[in-house]
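1. Build me a model:
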Amino acid sequence: MTLNPRQTALLEEVRTQGFASIDELARKFGVTLQTVRRDVNMLAENGMLARFHGGVRVEDSTTENIAYRQRQVLNAEGKARIARAVAAAVPEGCSLILNIGTTVEEIARGLVHHRGLRVITNNLNVANILADNPDCEVIVAGGVLRSRDRGIVGEATVEFIRQFKVDIGLIGISGIEADGTLRDYDFREVKVARTIIEHSREVWLAADASKFNRQAMVELAHVSEVDRLFTDAPLAAPFDQILADSGVQCVVAERE
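-> Residues are numbered from 1 along each chain as shown. Model (predicted):
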């Protein structure tokens, strides 16, 4: 197929950034929302991009996640809003487990001024961020260090986390399918996240809009096992109904 110059530029923009909202693309290229939607629908139908509610992203692999450095800048503004919403909901003087992921790391930055926290983590980036909070005790799980993102995984990590029962288990995820299944790429990471769910009195999930309808290989859980979902855009069908049916509280971190 042949792309016009705008469509070619739009495709390059999304490939460079990894993610873009429909509003952002319309502003950048000086066209209407309807024009952008037609362009991205055509690109998605031809397998060049993947659509999700409110935006578009690079087409995903089901077996390998986007590179960590790229994920750090992917929808950074939305992740920052999610982090602020989560930090506002976390009470002082509570215990938490924080797992692997760039959204979770942003949440850790939002907790650096909280008092009396006890945080268990299998993420060295989270530990390093919260080390700047003198009123937060950080407990780092042992296990196999994953050099690409400083996550710690493996059976030793699972056994370590099984010692605890915390107030809040806060997890990120790579993809949420249309039936509410939560999925990730690394089965070792999934086993750790599964253990976090089982050893938390409340489970909070942080997932920006790009994670919905995104496929990954390994099943973690169903969204009905989550107590609160924090995201950065209103949910479209079928996710809004799935959360309502499951009794999951959805917190949308809107733009200020």
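2. With just CA atoms, put the helix or strand where Arg81 lies into PDB.
-> Element membership of Arg81, judged by DSSP states H and E, is helix 76-89. This file holds the C-alpha atoms of helix 76-89, laid out as PDB (Å, rounded to 0.1, in the frame of the first residue of the first chain):
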ATOM      1  CA  ALA A  76       5.400   9.400  30.600                       C
ATOM      2  CA  GLU A  77       2.800  12.100  31.200                       C
ATOM      3  CA  GLY A  78       0.100   9.600  31.700                       C
ATOM      4  CA  LYS A  79       2.200   7.500  34.100                       C
ATOM      5  CA  ALA A  80       3.000  10.700  36.100                       C
ATOM      6  CA  ARG A  81      -0.700  11.400  36.500                       C
ATOM      7  CA  ILE A  82      -1.300   7.800  37.600                       C
ATOM      8  CA  ALA A  83       1.600   8.100  40.100                       C
ATOM      9  CA  ARG A  84       0.100  11.200  41.700                       C
ATOM     10  CA  ALA A  85      -3.300   9.500  42.000                       C
ATOM     11  CA  VAL A  86      -1.800   6.500  43.700                       C
ATOM     12  CA  ALA A  87       0.400   8.500  46.000                       C
ATOM     13  CA  ALA A  88      -2.600  10.500  47.100                       C
ATOM     14  CA  ALA A  89      -4.400   7.300  48.000                       C
END
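3. Distance of the residue nearest to Ile22 when sequence neighbours are not counted relative to Glu254?
-> Leaving aside its chain neighbours, Ile22 sits nearest to Val36 (5.3 Å; criterion: Cβ to Cβ, 6 or more residues apart in numbering). Every C-beta, even on glycine, is put in place using the N, C-alpha and C of the backbone. Val36 is 21 Å from Glu254, where distance means Cβ to Cβ, to the nearest Å.
4. of those two, who's got more company?
-> Neighbours were tallied for Val36 and for Glu254 using other Cβ atoms under 10 Å; the higher tally belongs to Val36 (23 against 10).
5. could you list every residue that touches that one?
-> By Cβ atoms under 8 Å, 6 or more residues apart in numbering, the contact list for Val36 reads 10, 22, 25-26, 29.
6. On the three-state scheme, it is what?
-> helix (DSSP: H, G, I helix; E, B strand; the rest coil).
7. Over to the one 4 residues further on?
-> Here Val40 is recorded as helix under three-state DSSP.
8. With Gly93 instead?
-> At Gly93, secondary structure determined by three-state DSSP is coil.
9. What is the burial count for it?
-> If you count neighbours by other Cβ under 10 Å, Gly93 ends up with 11.
10. now the one 4 residues further on
-> The local packing of Ile97 (other Cβ under 10 Å) involves 28 other residues.
11. what's the nearest residue to Tyr239 if we skip its chain neighbours?
-> Rather than Tyr, residue 239 is Phe. Per Cβ to Cβ, 6+ apart, closest to Phe239 is Phe212, 5.9 Å.
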